[in-house]
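**Q** My questions are about this predicted structure, shown below with the sequence.
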Amino acid sequence: MNKFVAALVGCVLLVGCVPEGNARNKEDKIVLSEQDRQALESASTTKEQLTYLYQNFESVLNRDDTLKGVDADENGIRDDIDEFINALMIPENERGFYQQSARYTQTVFDYDYSGGTEIDTEIAHAHAMTFEPVIHCMVQLNLVWDDASDSQDMVFALTLNTELRSQHYAYYSKALDGTGIEGTEPTGDDCK
């Protein structure tokens, strides 16, 4: 029995396979049990919550061969990422910060930076400037910097979860090489 459990856990961790009929993941949705809710509520950081969600609901992540994935409700956030953010046991304004960050990351996929042209660099730079309000929002909400930035990094990693998405982001990042980003001043209403 122990070998079976170890093999099953290994399978889930390595390739994301989940037995058919898993009631927790109906229709690519995160369905929290009371045990899940208690685990999330007892986590001391948002990063711990995201780690728990990933470990238990990794199969919800969209791994199709499209760059953008599915955003059925057209809110600017890929539906699977929205599931992870909405499952967090955090205040709504904090949830809004992670949603804003996820929207920013998703918009990286709106342009093809692979040409390596000067225009690609200009567009990448303009896009990078749109990240400033996300940082200002984190400060405005007085979030614990380490937890908020680590959690934001996890949402980012969940978003870039296929080779195609990671490669696209690498082109974006390469287009930014050698450019500087001028900081903007907070407006006091940077959370959207």
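**A** Yes, it's here. Just so you know, these numbers come straight off a predicted model, no measurement behind them.

**Q** Report the buried residues of the helix or strand harbouring Y104.
**A** Under the criterion of DSSP states H and E, Y104 resides in helix 92-107. Going by neighbour count (16 or more other C-beta atoms under 10 Å), the buried part of helix 92-107 is E94, G96, F97, Y98, Q99, Q100, S101, A102, R103, Y104, T105, Q106. In this view, the C-beta of every residue, glycine as well, is placed from N, C-alpha and C.

**Q** Residues in contact with it: which ones?
**A** 46, 68, 71, 75-78, 81-82, 85-86, 88, 90, 127, 130-131, 133-134, 137-138, 141, 143, 148, 151-152, 155-156, 159-160, 191-192 (C-beta atoms under 8 Å, 6 or more residues apart in numbering).

**Q** How about stretch 61-71?
**A** With C-beta under 8 Å, 6+ apart, stretch 61-71 has contacts from 16, 28, 77-80, 106, 109, 158, 161-162, 164-165, 168.

**Q** Please check those residues and keep the buried ones.
**A** Here, 16+ other C-beta under 10 Å leaves I77, R78, D79, D80, Q106, F109, L158, N161, T162, R165, H168 buried among the contacts of stretch 61-71.

**Q** Show me which pair in those is furthest apart.
**A** The most widely separated members of the buried ones among the contacts of stretch 61-71 are D79 and H168, with 18.7 Å between them, by C-beta to C-beta.

**Q** Spatially central, which residue of this structure would that be?
**A** V155 (2.3 Å; C-alpha atoms, centre = their mean).

**Q** element containing that one, please.
**A** Assigned by DSSP H and E, V155 falls in helix 145-159.

**Q** tell me the angle that helix makes with helix 92-107.
**A** 40 degrees (axes from the mean of the first three to the mean of the last three C-alpha atoms, to 10 degrees).

**Q** Pull out the buried positions in helix 145-159.
**A** A148, D150, S151, Q152, M154, V155, F156, L158, T159.

**Q** now it: mean pLDDT?
**A** Mean pLDDT, helix 145-159: 96.

**Q** Can you give the contact residues for it?
**A** Applying C-beta under 8 Å, 6+ apart, the set of residues contacting helix 145-159 is 45-47, 50-51, 54, 61, 78, 80-81, 84-85, 97-98, 101-102, 105-106, 134, 138, 165.

**Q** Return the distance of it from the chain's centre.
**A** Relative to the chain's own centre, helix 145-159 is displaced by 7 Å; criterion: C-alpha atoms, centre = their mean, to the nearest Å.

**Q** Just the CA trace of it, in PDB.
**A** The C-alpha trace of helix 145-159 is given here as PDB (Å, rounded to 0.1, in the frame of the first residue of the first chain):
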ATOM      1  CA  TRP A 145       6.800  43.100   0.800                       C
ATOM      2  CA  ASP A 146       8.400  39.600   1.000                       C
ATOM      3  CA  ASP A 147       5.100  37.700   1.100                       C
ATOM      4  CA  ALA A 148       3.400  39.900  -1.600                       C
ATOM      5  CA  SER A 149       6.300  39.800  -4.000                       C
ATOM      6  CA  ASP A 150       6.900  36.000  -3.400                       C
ATOM      7  CA  SER A 151       3.200  35.300  -3.900                       C
ATOM      8  CA  GLN A 152       3.200  37.500  -7.000                       C
ATOM      9  CA  ASP A 153       6.100  35.500  -8.300                       C
ATOM     10  CA  MET A 154       4.200  32.300  -7.800                       C
ATOM     11  CA  VAL A 155       1.200  33.700  -9.700                       C
ATOM     12  CA  PHE A 156       3.700  34.700 -12.400                       C
ATOM     13  CA  ALA A 157       5.200  31.200 -12.600                       C
ATOM     14  CA  LEU A 158       1.700  29.600 -12.700                       C
ATOM     15  CA  THR A 159       0.900  31.900 -15.700                       C
END
